[in-house]
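[1] Here's a sequence, model it:
(2 chains)
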There are 2 protein chains.
Amino acid sequence: MTESLDAPRLAAWRAYIEASQRLFTRLEEDLRADSALSFADYHVLVLLSEAPGQRLRMGELASRLVFSPSRLTYQISTMRRRGLVAREACPDDRRGSEAVLTAAGLLALREAAPHHLRSVRAHLMDDLDDAEVACLTRIFERLGRRLRADRDASTPHPDN
Amino acid sequence: MTESLDAPRLAAWRAYIEASQRLFTRLEEDLRADSALSFADYHVLVLLSEAPGQRLRMGELASRLVFSPSRLTYQISTMRRRGLVAREACPDDRRGSEAVLTAAGLLALREAAPHHLRSVRAHLMDDLDDAEVACLTRIFERLGRRLRADRDASTPHPDN
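    I've put the predicted structure just below:
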């Protein structure tokens, strides 16, 4: 394996990294303007809203968000101060703790979601044809599966 | 325009956002382990190395990185402390300033680049066939052009 990328792959990589960073910055600006949530706040609210009982162990949440434990602790404490989540001891493991979605958190998500999805449509999705949507899904579902498997193989299961 | 995304576009959006965040985290971990550079450090070094005279006005650099002026000021000051860049007054505009690549910065980039590109290949590019590479390039070149045009239309030209 040589060290460099061939020209088409280098062009693809540069287009993808540059446009993605620009897109994420723009979506976060829209989200903060519409709902005073950061991208990370929004993502935490989505994950909790979809979890059974609207709660997740901190380790599971860190793994899903690809956050270090200390970054997650900070993230959850800022969201607790705003009343969006609560933090409780795990019922079946007194050393562990869980983040729990509050009613205020659910309402904040419900209010933010239509604005955010409109922004995702306007900046990205409305411009893609069906074949491009299928291609995007195929590439990134495969990538996500591979990176999750790498992670699971290389680190002990997060458990706090 | 309705507020939500259709099911295929919602699936594409979720696959893309989740895998991309996982990928960027992984690439940054590799970069820090191999070369003690952050993703942002690396990106600044690449942009300066490709600019005429290996220097860029701060406003231009902020715009290319999609950084706020204060975030760029912080970024450049951490890189100055490590000797990777210098900061100088613009020769033709005494109020403006430029970031200038140092020899140490160029050497750090040359040392980091093969590791970083190997990591981009291993985590993303080696898994894509030629049609997927072409599709990725097409989607993200178009997106980047559109977001740059939006930005140029909505904000005054950064000039400091």
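[2] give me the low-pLDDT residue ranges for chain A?
    A:1-3, A:155-160 (pLDDT under 70).
[3] for it, what's the longest strand?
    Counting by DSSP state E, the longest strand found in chain A is strand A:93-101.
[4] Direction included, what does that one pair up with?
    Paired neighbours of strand A:93-101 in the sheet (DSSP bridges): strand A:55-57 (antiparallel), strand A:85-90 (antiparallel).
[5] Provide a list of residues in contact with residue A:21.
    Contact analysis of residue A:21 by Cβ atoms under 8 Å, 6 or more residues apart in numbering or on different chains lists B:65-66. (Glycine included, C-beta is placed from N, CA and C.)
[6] separation between it and residue B:50?
    Look at residue A:21 and residue B:50: by Cβ to Cβ, to the nearest Å, they are 17 Å apart.
[7] Where does the residue nearest the centre of chain A sit, in terms of helix or strand?
    Chain A has residue A:43 as the residue nearest its centroid, 4.4 Å off, counting by Cα atoms, centre = their mean. Here residue A:43, judged by DSSP states H and E, is contained in helix A:39-50.
[8] who does that helix touch, helix- and strand-wise?
    Here helix A:39-50 touches helix A:7-35, strand A:55-57, helix A:58-65, helix A:69-81, strand A:93-101, helix A:103-123, going by 3 or more Cβ pairs under 8 Å, 6 or more residues apart in numbering or on different chains; DSSP states H and E.
[9] what's the closest of these to residue B:110?
    Between residue B:110 and these, the tightest spacing by Cβ to Cβ is seen for helix A:7-35, at 16.2 Å.
[10] Surely residue A:67 is within a strand?
    No - membership of residue A:67 in a strand is not supported by DSSP: H, G, I helix; E, B strand; the rest coil, which gives coil.
[11] In this structure it contacts residue A:76, no?
    No - under the criterion of Cβ atoms under 8 Å, residue A:67 makes no contact with residue A:76, lying 9.7 Å away.
[12] Find the residues that touch each one of the two.
    If you check residue A:67 and residue A:76 against Cβ under 8 Å, 6+ apart, the residues they both contact are residue A:61.
[13] Pull the residues that contact the helix holding residue A:43.
    Under the contact criterion Cβ under 8 Å, 6+ apart, helix A:39-50 has outside partners A:24, A:27-28, A:31, A:35, A:37, A:54-56, A:61, A:64-65, A:67, A:75-76, A:78-79, A:84-85, A:99-101, A:105-106, A:108-109, A:112, A:116.
[14] Quick check: ChimeraX command selecting the buried ones in those residues.
    A single ChimeraX command selects the buried members of these (16 or more other Cβ atoms under 10 Å in any protein chain shown):
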select /A:24,27,28,31,35,37,54,55,56,61,64,65,67,75,76,79,84,85,99,100,101,105,108,109,112,116
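[15] Show the backbone phi and psi for the residue nearest to residue A:108 when sequence neighbours are not counted.
    Once flanking residues are discounted, residue A:108 sits nearest to residue A:84: 5.9 Å by Cβ to Cβ, 6 or more residues apart in numbering or on different chains. Main-chain torsions, residue A:84, degrees, to the nearest 10: phi -80, psi -30.
[16] How about the contacts made by residue A:84?
    Going by Cβ under 8 Å, 6+ apart, residue A:84 touches A:41, A:44-45, A:101-102, A:104-105, A:108.
[17] ok, of those residues, which one's closest to chain B?
    residue A:44 (12.9 Å; Cβ to the nearest Cβ).
[18] The closest one and residue A:140, how far apart?
    21 Å.
[19] Kindly report the same for residue A:52.
    For residue A:52, the distance to residue A:140 equals 26 Å [Cβ to Cβ].
[20] what's the answer for residue A:134, then?
    Look at residue A:134 and residue A:140: by Cβ to Cβ, they are 11 Å apart.
[21] Can you work out which residues contact both of these two?
    The contact sets of residue A:134 and residue A:140 overlap at residue B:12 (Cβ under 8 Å, 6+ apart).
[22] Which residue, neighbours along the chain excluded, lies closest to residue A:22?
    residue B:147 (4.5 Å).
[23] Would you double-check that that neighbour falls in a helix?
    Yes - if the criterion is three-state DSSP, then residue B:147 is within a helix.
[24] so who does it touch?
    Counted by Cβ under 8 Å, 6+ apart, residue B:147 has contacts A:19, A:22-23, A:26, A:123.
[25] ditto for residue A:9
    Contacts for residue A:9 (Cβ under 8 Å, 6+ apart) come out as B:121, B:125, B:128, B:133.
[26] repeat that for 7 Å
    B:125, B:133 (Cβ atoms under 7 Å, 6 or more residues apart in numbering or on different chains).
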